[in-house]
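# Sequence and predicted structure, then a few things I'm wondering about:
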Amino acid sequence: MNWQHFFIRANDVLTAGVSATAFALVLYLFFYNRRSKVARVFCGLLVCVIIVYLMDILLTNNAGTQYADTLLRLQWIGIAFTPPFYIEFVRTLRSLVRRDRLPIWIHPLSLTLSTIITVLAFPTNLLVRQSTVSAGVAHLQPGNLFYLFAALFIFVTGWGLRETLSYRKQCFTRSARRRMAYLSISFIAPALGVFPYLLVSGWPSQLPDIILPILLVLSNVAVAGMLILMAYSVVFFDALTPHRVIKYRMVRFLLRGPLTAILALIVFGFGLTMEPLLGLGQFTLSLVALAAAIILMQLGVELSKPLIDLALYRDGVAEVTHVQELSQRLLTTADLKQFLENVLAAMCEQVRSSGGFLAILDDGQLRWEVWCDLHMSDEEIADLPLNQVISTNQLNSIILWDGYWVLPIHGKSGQQLLGIAGMRMPKDETPLTEEQQLRLDQLLLQASAALADRQLQQIVFEAFSPLLPELKDIQRRGGLLRYSDDDLVGFSLEESQELPQWVHDALAHYWGGPRLTENPLLELAIVKRAAQDYDGNVVKGLRAVLSTAIERLRPDGERKLTAPEWLLYNILEMKFLRGEKVRQVAIRLAVSESDFYRKQRVAIENLASILVEMEEDAQI
């Protein structure tokens, strides 16, 4: 067996694997951490790695061709721009930990130098010269300016590593120090992956050629591992999501994404190698193996979920399991409607009815939930006096009413009325058989269980709803405290990405509470100015500022509850200033609860924009 050829092919697979890993991490950070400046700069480093490794992939089987020189020079786009992103990465970390920044001119200067270096790498031989092949690996030869660039590259990487190690000492919590240690260990991964080592001295002729592909394989394994470790450290910066969620989400993404891609590439390469030995046609075994690897990997991730939970959560496995089971079993409004529609359709089929309806009892009033009839108009539904059904004394049997069979839906005790089901009487009034009656009773029990569970879930939701902003606030404060206590004081209102959440917190405790009395908005100049009218009480000042900002949302003219232009103002004024319940406000404004929450988010964002304008006016 030709071991050198084997390691060269293994290096090709790992090169593609590193590129896929870097690309997957860019996607992950974009979708989950794009608001974090640290994550955005790290994405720049990953893009540099992707460019270099992509050119290496294109060089496969093209090492001695006319395209090799062009591809190797294109690599210098990623190589040249790695130092500027390192500088900006360290600069961003410094602003988080030390609360100061490097001079702002350093970043544009480094980008300018990198642009010049990239330009020099193409039409001139000052930086690099014509390509050559050493031990089966293509590389350029060094120009007169290469060693100057190499010294600058090594200096920036070493300086950044030293800075990162010093930042670890300034972290306050053990978890922050541990993650900063991970970041320090993996800090050189992008540099290790992009730096053109063979330009320094080439490959010594005294050494066996097989050593070079072995070193490249080990290097690629190390780069992939350190990139993942570095990304793991980066995702926690400015993250409000609980840490267990971040870890679990990232592990599953890595298993389903990069690891699956690497495994698929390995299996595909193995299939290509075995096809000639087995006398099979090209791509016959490799494509089947590729598809099988992807499917089996996805299945393996699902089956290994208990082991992943055990590894990530440890002492909290039981609690996390309960939370996951709860989230899977909860019925949303859409789930309930779909289930009740199925039950109603089955009931109509049992009695051979052409249509029907189902209404639920809500605050003593019957409310339409679902109906099943292509010929039943909204006017017919609205005209049915359903409330009269409650006053009848025949709730334990089928009620004949205006061409409908009406059946009450009771709770488990048999005393509480949860709703009613009505079905249009069939044309042939054949009495129900015993089997049909039994099936109808079973369907009513299913509807009763669903409505009872929904009532219980509403109680759970009402208990959890006030906790969610508190939990977000805890996560926000935890993120601030991890790196520096200076983060707790002073902020830029325009640059703050948490302004809408601060506004929501202040409104939620508008009439008193920790989210109002400890709100970062108390530091605003407009709040301090308003506090002068309340003997220096900044809490009352913030309350007055919020009231003024809400009034700015008020349209001109007479107030209308259901007019679209009045919706945002009405939501804020009724929900927060008056303290009315969500359901009551939604009914009065003629919107669904889900639509109410969407409009509330829009209203709070508009209110936050008004606060920014008020603060800017106060500072003029």
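Here it is on my side, so go on.

# can we go C-alpha only for contacts and neighbour counts from here?
Will do.

# Buried ones in the helix or strand containing Arg179, by neighbour count?
Using DSSP states H and E, Arg179 maps to helix 174-186. When burial is assessed from 16 or more other C-alpha atoms under 10 Å, helix 174-186 yields the following buried residues: 176-177, 179-186.

# For that helix, which outside residues touch it?
Contact with helix 174-186 is made by 161, 164-165, 167-169, 171, 226-227, 229-230, 233-234, 482-483, as judged by C-alpha atoms under 8 Å, 6 or more residues apart in numbering.

# And for stretch 332-340?
Residues from elsewhere that reach stretch 332-340, judged by C-alpha under 8 Å, 6+ apart: 358, 369-370, 447, 450, 454.

# Please narrow these to those residing in helices.
447, 450, 454 (DSSP state H).

# Which of those residues scores worst on pLDDT?
Of all the ones in helices among the contacts of stretch 332-340, Arg454 carries the smallest pLDDT score, 77.

# mean confidence score for the helix holding Arg179?
86.

# Any idea how far it is from the middle of the chain?
23 Å (C-alpha atoms, centre = their mean, to the nearest Å).

# pLDDT averaged over stretch 228-240 - what is it?
Averaged over stretch 228-240, pLDDT sits at 85.

# got the CA coordinates for that stretch in PDB?
C-alpha atoms of stretch 228-240 as PDB (Å, rounded to 0.1, in the frame of the first residue of the first chain):
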ATOM      1  CA  ILE A 228     -14.500  24.600  17.300                       C
ATOM      2  CA  LEU A 229     -13.100  25.300  20.700                       C
ATOM      3  CA  MET A 230     -12.600  29.000  19.800                       C
ATOM      4  CA  ALA A 231     -16.100  29.200  18.500                       C
ATOM      5  CA  TYR A 232     -17.400  27.600  21.700                       C
ATOM      6  CA  SER A 233     -15.800  30.400  23.600                       C
ATOM      7  CA  VAL A 234     -17.000  33.100  21.300                       C
ATOM      8  CA  VAL A 235     -20.700  32.100  21.400                       C
ATOM      9  CA  PHE A 236     -21.000  33.100  25.100                       C
ATOM     10  CA  PHE A 237     -20.100  36.700  24.600                       C
ATOM     11  CA  ASP A 238     -23.200  39.000  24.800                       C
ATOM     12  CA  ALA A 239     -25.400  35.900  24.900                       C
ATOM     13  CA  LEU A 240     -28.700  36.200  26.800                       C
END
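
# can you list the domain ranges for the chain.
Domain assignment for the chain by automatic domain parsing gives 3-240, 241-329, 333-459, 490-619.

# Specify which member of the contacts of helix 174-186 is nearest to Ile77.
Ranked by distance to Ile77 (C-alpha to C-alpha), those are led by Leu227 at 19.5 Å.

# Go ahead and list the helix or strand containing that closest one.
Using DSSP H and E, Leu227 sits within helix 211-234.

# okay, now Gln170: neighbour count?
By the criterion of other C-alpha atoms under 10 Å, Gln170 has 16 neighbours.

# Can you select the buried ones from the contacts of helix 174-186 in ChimeraX?
Restricted to buried positions by 16+ other C-alpha under 10 Å, the ChimeraX selection for the contacts of helix 174-186 reads:
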select :161,164,165,167,168,171,226,227,229,230,233,234,482,483
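
# for the contacts of helix 174-186, which one is nearest Thr60?
For the contacts of helix 174-186, the closest approach to Thr60 (C-alpha to C-alpha) belongs to Leu227, at 23.1 Å.

# distance between stretch 598-617 and the chain's centre?
Distance, stretch centre to chain centre, for stretch 598-617: 24 Å (C-alpha atoms, centre = their mean).

# out of the contacts of stretch 332-340, which are buried?
With neighbours counted by 16+ other C-alpha under 10 Å, the contacts of stretch 332-340 contain buried members at 358, 369-370, 447, 450, 454.

# Distance to Glu434 for those residues - can I get that in a markdown table?
As requested, these are exported to a markdown table (distance: C-alpha to C-alpha, whole Å):
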| residue | distance to Glu434 |
| --- | --- |
| Leu358 | 23 |
| Glu369 | 29 |
| Val370 | 27 |
| Ala447 | 20 |
| Ala450 | 25 |
| Arg454 | 30 |
